[in-house]
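*Asks:* Output the structure for:
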Amino acid sequence: MIKEKIYYDSDADLSILKNLTVGVIGYGIQGRAQALNLRDSKINILVANRSDHYLDSVIADGIEPVPFEDLANKSDIIMMLIPDQAHQEVVENHLQKHFRKGQMLVVAHGYSLTFKKFKIPNDIDVTLLAPRMPGLQIRREFLNDHGVPAFVDVIQNFSGKALEKVLALGKAIGFTRAGLLHVNYKDETELDLFCEQYLVANIVKTIKESFEELVHKYHYPPVATLMELYASAELGEVLIEAANVGIGEVFQKNASPTCQFGIAEYYERAMTKPVHESIKEVIHGLKTGQFDNSLDKEGEKNYEKVNALWNMVNSAPLTETQKWIGTHFKKKNNHE
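*Replies:* Okay, here's the model as predicted:
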């Protein structure tokens, strides 16, 4: 039984922010989207950004930028929406001396807190508000009267009202429209880093090495190869749908028997060898007719191996979790 806490619009009171000033540090990928959403929600904001091209965007959007120190002095809530490696320098050189009792510091990723990059005053609130989408989607969904899901945590609750304030902040940005899931900030940090370092690294490496092997060693045409790998967006669309129905069901309902058997045939061998060796094995099976023979036998057995794979995938805790997510996170046109 999955027991998780999700907060929605009805759990957050926007009036808590009515007389407060929210300072947004950074106007890049996350900062601009969240700042504009806050402004559209009638929240009083300040924005600080170093002198780079993002600063031009602040001015172009009709916002008067302020120095970091002024933002720290005038803000009740400070949102750190800059890269993780910049947190320490900004806090120690621009914010540390200006923190005041009762302020709230908000991070969009728990990295700098998990690895203790700076000292946190004991008389302020510290919270996590971590969106699960980049800024483009955060802004787009907000303008479409929806939102993207996010993670939330309270790391230090000096005021006793840190949760109420961060939920109001999440509502103003649009996160509670979809769902704001409570996740421990250390778990958020490690899961996010794992996906980047393991899952995404494997995807990028597999695509790059597959392209080079198929084009240069096996002489397949480069455009068709890259289209098949990812550039047609077919796989991307399948994965988007998988987020809704599950990684097993999406292939069961949208992929041909040949595709499904190909997945089942190589599932156990996937990620067990270097990419070039796996590619060689697959191509050999195709060129020699080995895969064709195996597919014929699979059909005669009523797709025994395919059915076994999906039974395994769909009976796993992964599927139970997928169903829970589908029930509790609100999709577009299905929110309060």
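*Asks:* could I get stretch 137-156 in CSV with only the CA atoms?
*Replies:* Extracted C-alpha coordinates of stretch 137-156, given in CSV (Å, rounded to 0.1, in the frame of the first residue of the first chain):
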residue,chain,number,x,y,z
GLN,A,137,6.8,23.8,-19.3
ILE,A,138,6.2,25.5,-15.9
ARG,A,139,5.3,28.7,-17.6
ARG,A,140,3.3,27.2,-20.5
GLU,A,141,1.2,25.0,-18.2
PHE,A,142,0.5,27.9,-15.9
LEU,A,143,-0.7,30.1,-18.8
ASN,A,144,-2.9,27.2,-19.8
ASP,A,145,-4.6,27.2,-16.4
HIS,A,146,-2.8,24.0,-15.3
GLY,A,147,0.6,23.3,-13.7
VAL,A,148,3.4,20.7,-13.4
PRO,A,149,4.0,18.5,-10.4
ALA,A,150,6.7,19.3,-7.9
PHE,A,151,8.4,18.0,-4.7
VAL,A,152,8.2,19.8,-1.4
ASP,A,153,10.0,19.4,1.9
VAL,A,154,10.5,21.5,5.1
ILE,A,155,14.1,21.2,6.2
GLN,A,156,14.0,23.9,9.0
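*Asks:* Buried by neighbour count: which residues of it qualify?
*Replies:* Neighbour counts over stretch 137-156 (16 or more other C-beta atoms under 10 Å) mark 138-139, 141-142, 146-156 as buried. C-betas here are computed from N, CA, C, even on glycine.
*Asks:* Helices along the stretch 101-250 of the chain, start to end?
*Replies:* All helices of the stretch 101-250 of the chain, identified by DSSP state H, counting those that start in this stretch, fall at 111-114, 135-143, 162-173, 175-178, 185-194, 201-212, 222-226, 234-245, 247-254.
*Asks:* and of these, who's closest to S57?
*Replies:* helix 135-143 (11.3 Å; C-beta to C-beta).
*Asks:* Skipping adjacent residues, who's closest to P221 in space?
*Replies:* Counting by C-beta to C-beta, 6 or more residues apart in numbering, P221 lies nearest to V215, which is 7.7 Å off, once chain neighbours are set aside.
*Asks:* D11 too?
*Replies:* L167 is the one closest to D11 (C-beta to C-beta, 6+ apart), at 6.1 Å.
*Asks:* Tell me how far that neighbour lies from Y7.
*Replies:* Per C-beta to C-beta, to the nearest Å, L167 is found 5 Å from Y7.
*Asks:* ok, back up a step: doesn't E228 make contact with the residue nearest to P221?
*Replies:* No. The criterion here is C-beta atoms under 8 Å, and V215 misses it with E228 at 11.4 Å.
*Asks:* coming back round to it: quick one, which of L167 and Y7 is more surrounded?
*Replies:* L167 (25 against 20; other C-beta atoms under 10 Å).
*Asks:* Could you report the separation of that one from K5?
*Replies:* 11 Å.
*Asks:* same question, D84
*Replies:* Taking C-beta to C-beta, one finds D84 at 26 Å from K5.
*Asks:* These two - which one has more neighbours?
*Replies:* Taking other C-beta under 10 Å, D84 and K5 do not tie; D84 has more neighbours (18 against 11).
*Asks:* quick one: contacts for that one?
*Replies:* Neighbouring residues of D84 by C-beta atoms under 8 Å, 6 or more residues apart in numbering: 109, 111-112, 117.
*Asks:* residue nearest the centroid of this structure?
*Replies:* Centroid-nearest residue in the chain, with C-alpha atoms, centre = their mean: R132, separated by 3.2 Å.
*Asks:* Model confidence at it, what's the number?
*Replies:* pLDDT recorded at R132 is 95.
*Asks:* thinking again about what came up before, from the buried residues of stretch 137-156, which two are the most distant?
*Replies:* H146 and Q156, at 31.2 Å, using C-beta to C-beta across the buried residues of stretch 137-156.
*Asks:* wait, what's in contact with R132?
*Replies:* Taking C-beta under 8 Å, 6+ apart, one finds 148-151 in contact with R132.
*Asks:* and those as TSV, adding distance to F175?
*Replies:* Shown next, in TSV, are the contacts of R132 (distance: C-beta to C-beta, whole Å):
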residue	distance to F175
V148	7
P149	7
A150	4
F151	9
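*Asks:* Which member of these is positioned nearest D13?
*Replies:* Ranked by distance to D13 (C-beta to C-beta), the contacts of R132 are led by A150 at 17.5 Å.
*Asks:* For the closest one, name its beta-bridge partners.
*Replies:* P131, L180 (DSSP bridges).
*Asks:* Any idea how far apart the tips of stretch 265-279 sit?
*Replies:* End-to-end distance for stretch 265-279, by C-alpha to C-alpha, to the nearest Å: 14 Å.
*Asks:* could you give me the average pLDDT of that stretch?
*Replies:* What stretch 265-279 shows for mean pLDDT is 93.
*Asks:* What of stretch 289-296?
*Replies:* Mean predicted confidence for stretch 289-296 is 96.
*Asks:* For that stretch, give me every contacting residue.
*Replies:* 258, 261-262, 265, 284-285.
*Asks:* ranking these by neighbours, who comes first?
*Replies:* F261 (21 neighbours).
*Asks:* ok so that one is a strand residue?
*Replies:* No. Counting by DSSP: H, G, I helix; E, B strand; the rest coil, one finds F261 to be helix, located in no strand.
*Asks:* Nothing else from me, thank you.
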